[in-house]
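>>> pasted the sequence and its predicted model underneath.
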Amino acid sequence: MANSNEKPDRAILSADDSMYEPQRNEQALRCPNCGAATGLHIDGAAVENASGQKLQVEATDEDSSARLSVHLDNDADHDGRRHQISLIGWCELCESKFNLAFRQHKGMTYFTKTVTKRNLPKIESW
Ligand SMILES: [Zn+2]
């Protein structure tokens, strides 16, 4: 966003049509920060609820070295009466980390995108 008064980009995620794989009905996602379709990694997910439980899963490495790390926190801070599910990733090209969160509240699902520069303070959130 160039101006803080502008409405944010409404696309939650977009895909590169040139990388569509019809046999698998699969598309290459674009980075939610820079828009690049290569170098994007979604390696983690988190689920949290109103009682303060937060489960995080992170996938690392590949092939026979692939591992899942699972962490359960029963005293996490949570805002709201329902739950939130987040996808956590990073981009090789723009060196950003991002969190795409879907929060349930009063029959609605709200979306929040938070982007941070690696090892730097938060640069964008909406
Ligand atoms: Zn990027």
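The structure has been received and is ready for your questions.
>>> for this protein, what lies in contact range of the ion?
Residues of the chain that fall close to the ion, judged by CB under 5 Å from the ion: 31, 33-34, 91, 93-94. To be clear about C-beta, it is placed using only N, CA and C from the backbone, and glycine gets the same treatment.
>>> which element is the residue lying closest to Leu87 once chain neighbours are set aside on?
Using CB to CB, 6 or more residues apart in numbering and skipping residues adjacent in sequence, the residue nearest Leu87 is Leu100, 4.5 Å away. Here Leu100 sits within strand 96-105, counting by DSSP states H and E.
>>> repeat for Tyr110
With DSSP H and E as criterion, Tyr110 is part of strand 108-117.
>>> can you report how many residues neighbour Gly28?
That one is not Gly; residue 28 is Ala. 15 (other CB atoms under 10 Å).
>>> quick one: contacts of the strand holding Leu100?
If you take CB atoms under 8 Å, 6 or more residues apart in numbering as the criterion, strand 96-105 is touched by 12-13, 31-34, 80-91, 109-118, 123.
>>> residues in contact with stretch 47-63?
In contact with stretch 47-63 (CB under 8 Å, 6+ apart) are residues 43-46, 66-78, 80-86, 88.
>>> in it, what's buried?
Going by neighbour count (16 or more other CB atoms under 10 Å), the buried part of stretch 47-63 is 48-49, 54, 56.
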